[in-house]
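Engineer: Predicted coordinates and the sequence they were generated for:
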Amino acid sequence: MSLACIDAGFQAGTRTLLSGVTARLQPGRFCAILGPNGAGKSTLLSLLSGQRRPASGQVRLDEHPIDRHDAARLALRRTVMPQESSVAFDFNAHEIVTLGRLPHRAAPEANEGEIVANAMALTGVSALAPRILNTLSGGEKARVHLARALAQLWNPRPDGAARWLLLDEPTAALDVAHQHSVMALVRRWASQGVGVVAVLHDLNLALRYADEVMVLAKGRLLAHGPSSQVLQPSLVREVWSTPCELVAGQDGAAQYLFGT
């Protein structure tokens with residue numbers, strides 16, 4: 001059971017956004033996609049989710065092209081949290097999280113309401129249940145959408161198929177405390193067998209929480225492997241063109257100081 005891209009590329013008009021990306025991701029691991037602005041991170045995530053078809057190469061889920069998976073069945077085991085979190089209608093937060101259970105409507109669980117309530121509690125948005133989504137702050141919206149994504153994948157699949165949680169910049173609108181709580185939460189889900197793939201900008205969050213990283217630059221995959229092995233100062237300076245120093249925190253976790 002894996003999610004893999006094989007020589008995958010994507011173009012927008014005459015612009016090449018991704019080229020020749022090959023990587024294999026496994027369930028039960030948290031992989032962070034990193035790179036400068038315009039590196040192709042969100043494009044790669046959209047290919048891995050099946051939302052876009054590669055212009056070249058393939059994306060395969062369980063060794064089959066992802067675009068050949070039935071869309072309804074795919075929604076039972078793969079969910080996406082996008083960057084943009086506004087909606088066109090005045091749904092409240094509870095209704096948004098409930099949308100995560102729509103793929104299960106043909107065979108609902110006995111405790112559908114409990115699943116929604118538990119997902120909201122897990123992301124700390126229970127008190128926001130009656131609030132209209134578009135009246136919430138950016139960080140509150142992000143946590144509501146994360147609850148929706150978790151509700152969609154709440155229980156292991158009866159057939160044992162791997163579940164995949166794909167997140168596009170899930171911490172961008174969050175304060176420091178919520179950044180760490182969300183990262184710790186998705187890491188716990190990975191430890192329970194869910195494949196987690198997240199686009200991040202914060203290298204220190206990736207170092208602390210991600211099992212592995214993919215580093216992109218100019219649409220190409222420069223490195224893929226364990227976070228501590230890949231995120232070396234030489235690579236950081238090369239890719240992000242900024243001085244940095246690798247230090248250890250009081251808990252022993254490696255972290256970067258920038259601008260030194």
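Structural biologist: Sure, I can see it. Computed from a prediction, not measured in an experiment: that's the story for all the values here.
Engineer: Only the buried residues of stretch 113-126, if you could.
Structural biologist: For stretch 113-126, burial by neighbour count (16 or more other Cβ atoms under 10 Å) applies to Ile115, Val116, Ala117, Ala119, Met120, Leu122, Thr123, Gly124, Val125, Ser126. In short, each C-beta sits where N, CA and C put it, glycine included.
Engineer: separation between the residue nearest to the last one when sequence neighbours are not counted and Val97?
Structural biologist: Same thing as Ser126. Using Cβ to Cβ, 6 or more residues apart in numbering and skipping residues adjacent in sequence, the residue nearest Ser126 is Met120, 4.8 Å away. Per Cβ to Cβ, to the nearest Å, Met120 is found 6 Å from Val97.
Engineer: Next: Asp211.
Structural biologist: 27 Å.
Engineer: Over to Ala32?
Structural biologist: The separation that Ala32 has from Val97, given Cβ to Cβ, amounts to 25 Å.
Engineer: just Leu47 next, same as before
Structural biologist: 27 Å.
Engineer: More neighbours: the two, which one.
Structural biologist: Val97 (30 against 25; other Cβ atoms under 10 Å).
Engineer: wait, is the more buried one part of a strand?
Structural biologist: No: counting by DSSP: H, G, I helix; E, B strand; the rest coil, Val97 is not found in a strand; it is helix.
Engineer: Low-confidence regions, the protein specifically.
Structural biologist: Along the chain, the model assigns pLDDT under 70 to residues 85-86, 260.
Engineer: these two touch, right, Arg29 and Gly195?
Structural biologist: Yes: with contact defined as Cβ atoms under 8 Å, Arg29 reaches Gly195; the gap is 6.6 Å.
Engineer: more crowded one of those two?
Structural biologist: Using other Cβ under 10 Å, the more surrounded residue of Arg29 and Gly195 is Gly195, with 25 against 18.
Engineer: For stretch 147-158, which outside residues touch it?
Structural biologist: 75-77, 79-81, 96-101, 103-104, 109, 115-116, 118-120, 122-123, 125, 163-165, 167, 189, 193-194 (Cβ atoms under 8 Å, 6 or more residues apart in numbering).
Engineer: So which of the residues you listed belong to helices?
Structural biologist: Mapping the contacts of stretch 147-158 onto helices (DSSP state H) picks out Ile96, Val97, Thr98, Leu99, Ile115, Val116, Asn118, Ala119, Met120, Leu122, Trp189.
Engineer: quick one: common contacting residues for Met120 and Val97?
Structural biologist: Common neighbours of Met120 and Val97 (Cβ under 8 Å, 6+ apart) are Val144, Ala147.
Engineer: Could you give the number of residues near Ile6?
Structural biologist: By other Cβ under 10 Å, 16 other residues sit near Ile6.
Engineer: Validate this expectation: it resides in a strand.
Structural biologist: Yes: assessed by three-state DSSP, Ile6 belongs to a strand.
Engineer: Would you confirm that it contacts Arg60?
Structural biologist: Yes: applying Cβ under 8 Å, one finds Ile6 in contact with Arg60, separated by 6.6 Å.
Engineer: Can you add distance to Leu235 and give the buried residues of stretch 113-126 back as JSON lines?
Structural biologist: Listed next are those as JSON lines, based on distance: Cβ to Cβ, whole Å:
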{"residue": "Ile115", "distance to Leu235": "41"}
{"residue": "Val116", "distance to Leu235": "42"}
{"residue": "Ala117", "distance to Leu235": "43"}
{"residue": "Ala119", "distance to Leu235": "36"}
{"residue": "Met120", "distance to Leu235": "39"}
{"residue": "Leu122", "distance to Leu235": "34"}
{"residue": "Thr123", "distance to Leu235": "33"}
{"residue": "Gly124", "distance to Leu235": "35"}
{"residue": "Val125", "distance to Leu235": "36"}
{"residue": "Ser126", "distance to Leu235": "41"}
